[in-house]
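Asks: sequence and predicted structure are below.
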Amino acid sequence: MKTPFLTTSFSENAKQAKSRFVNILDTKSKKVGALALAVILLFALVCGIIVGCVQNKPTNATTIMPGDTVAVTQDSEIAEGVPVHKGDLLFVVYENDDTYHVQMPYMSHPATFGNIEKSAVSKDAEKLANANYASIKPLAAVYTNKGDADKETYYSMQTPLQIIKRDGKWVEVSFAAGVDNKWVKREDIEPVIPSTQVDFDYLDLQKRVDAGEEQWRLSPHEVVNDYLASRKVTAHMRIDANQMEETSANTMSYITEGYFVSVYQPIKKGEDGIWVVSNASLMKGQMDDAVPADVKAIVNSGMGWRINLKENKIIYTPYNSKQSWSVEDLAAQMGFEAKDYYGKDLDIMIYEYTAPKGNTAYLFVFDDEQLIGHTELDTKDKLELAKQTLIKWTEGDK
């Protein structure tokens with residue numbers, strides 16, 4: 001009978017059985033056993049050393065995620081030979097195998113993107129705090145000179161800056177557009193770089209395309225074709241690459257009489273980056289669907305505002321403080337419940353149109369890029385009143 005694998009069994013051979021009992025009763029040390037024990041102990045020691053080395057390996061690189069700001073630790077370069085220097089800050093957009101796809105903090109347009117070796121950047125707090133770039137916190141004051149009495153202005157949003165000199169609690173900085181040699185308090189700056197032209201809602205889609213799926217998303221004109229097909233725009237189906245125009249960095253558009261579609265790269269820039277339809281085009285498509293078919297938008301007539309919807313908000317006219325409306329009533333007129341959007345930022349768009357009866361205008365309300373309500377402003381007085389009211393609201397009469 002064959003002995004089962006990895007089990008204990010009784011031997012059918014008497015000679016083998018006798019040998020087993022002799023070994024059990026023999027109390028002398030076994031040299032071969034000692035050697036085996038030594039080998040096992042040595043193996044365990046080596047394994048322990050290996051595990052210890054792995055556990056003690058710096059984990060800084062693995063903690064860097066898309067959306068993080070990192071400091072450059074050595075002079076390097078990103079795609080197309082653009083140099084970066086030790087102490088610069090970069091915004092991480094995407095993680096490749098050996099590099100990060102990053103955005104530079106240069107205060108210029110268009111924004112510069114590229115790849116940098118993972119070994120050349122760090123998220124160490126001390127390195128970030130002593131970097132050459134930073135951002136001013138929203139609503140922080142900017143000063144002409146060091147001193148509280150010399151307050152000059154403030155920025156309403158997080159704004160990147162270049163650090164010229166640190167002096168105690170003060171930092172000398174330069175902003176974009178030639179705003180140089182200003183001072184801010186050290187407590188009002190933070191070592192982060194706000195991103196532009198990046199939308200992490202599309203991060204998973206970029207990963208799927210990197211894995212070989214939906215390769216048509218790497219072609220801007222094919223993305224436009226897909227969008228036109230979804231909207232059943234049969235008159236302009238199946239455009240080719242020659243019909244696309246580069247309207248700005250990382251943005252291309254299909255422009256024809258009465259129709260406009262803009263696509264951009266929300267994650268990686270370049271030949272490996274996906275293209276998606278811009279929010280502006282998505283919003284424009286919904287506006288076109290909401291208005292009568294016989295009206296046509298007037299080019300460059302659009303105006304936009306972002307407002308935060310507040311409960312029991314009363315809106316007064318810019319001309320007569322006795323005349324007012326409630327947000328609830330206005331929302332009801334446009335077909336949505338104001339209470340569903342309290343505390344949210346809504347985008348308000350006004351476009352003027354030509355129509356058979358004469359020029360008119362429409363006001364549209366969006367939550368993100370989703371149209372939630374609209375109304376016609378069919379007289380010049382209504383149009384002007386709406387514009388001035390929104391201007392007054394966003395300038396601080398809240």
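Replies: Arrived safely, thanks for sending. Numbering: from 1, shown residues only.
Asks: quickly note the distance from the residue lying closest to residue 294 once chain neighbours are set aside to residue 92.
Replies: Nearest residue to residue 294 in three dimensions, chain neighbours excluded: residue 356, at 5.7 Å (C-beta to C-beta, 6 or more residues apart in numbering). No exception for glycine: its C-beta is placed from N, CA and C like everyone else's. Here the criterion is C-beta to C-beta, to the nearest Å. By it, residue 356 lies 53 Å from residue 92.
Asks: and if you look at residue 103?
Replies: From residue 103 over to residue 92 the distance is 8 Å, taken as C-beta to C-beta.
Asks: do residue 229 as well
Replies: Counting by C-beta to C-beta, the gap from residue 229 to residue 92 is 35 Å.
Asks: what's in contact with stretch 111-119?
Replies: Contact with stretch 111-119 is made by 61, 64, 72, 76-80, 82, 84, 90, 93, 96, 98-104, 106, 196-197, 249-250, 268-270, as judged by C-beta atoms under 8 Å, 6 or more residues apart in numbering.
Asks: ok, 6 Å please
Replies: 61, 76, 78-79, 82, 99-104, 106, 196-197, 269 (C-beta atoms under 6 Å, 6 or more residues apart in numbering).
Asks: filter these down to the buried ones and hand me the PyMOL line.
Replies: Buried subset of these, written as a PyMOL selection, criterion 16 or more other C-beta atoms under 10 Å:
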select buried, resi 76+78+99+100+101+102+103+104+106+197+269
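Asks: what's the lowest-pLDDT member of the contacts of stretch 111-119?
Replies: Taken together, those show their lowest pLDDT at residue 61, with 44.
Asks: for this protein, which spans come out with low pLDDT?
Replies: Low-confidence segments of the chain (pLDDT under 70): 1-62, 79-80, 106-110, 149, 156, 177-178, 232-237, 256-259, 311-325, 394-398.
Asks: which parts of it are helices?
Replies: Ranges of helices within the chain are 14-25, 31-56, 60-63, 125-129, 203-210, 220-230, 279-290, 327-333, 380-394, based on DSSP state H.
Asks: do you know how far residue 160 is from residue 153?
Replies: In this structure, residue 160 and residue 153 are 16 Å apart, going by C-beta to C-beta.
Asks: who's more crowded, those two?
Replies: residue 160 (20 against 10; other C-beta atoms under 10 Å).
Asks: wait, the more buried one touches residue 135, no?
Replies: Yes. If you go by C-beta atoms under 6 Å, residue 160 and residue 135 touch, sitting 5.2 Å apart.
Asks: quick one: stretch 365-378 to chain centroid distance?
Replies: Centroid displacement of stretch 365-378 relative to its chain, using C-alpha atoms, centre = their mean, to the nearest Å, is 25 Å.
Asks: how far does that stretch stretch from start to finish?
Replies: 17 Å (C-alpha to C-alpha, to the nearest Å).
Asks: what residues sit buried inside that stretch?
Replies: Judged by neighbour count using 16+ other C-beta under 10 Å, the buried positions of stretch 365-378 are 365-367, 371-377.
Asks: show me what contacts residue 104?
Replies: The neighbourhood of residue 104, defined by C-beta under 6 Å, 6+ apart, consists of residue 112.
Asks: same thing but 10 Å
Replies: Residue 104 makes contacts with 72, 78, 82, 84, 88-91, 111-114, 116, 133, 193, as judged by C-beta atoms under 10 Å, 6 or more residues apart in numbering.
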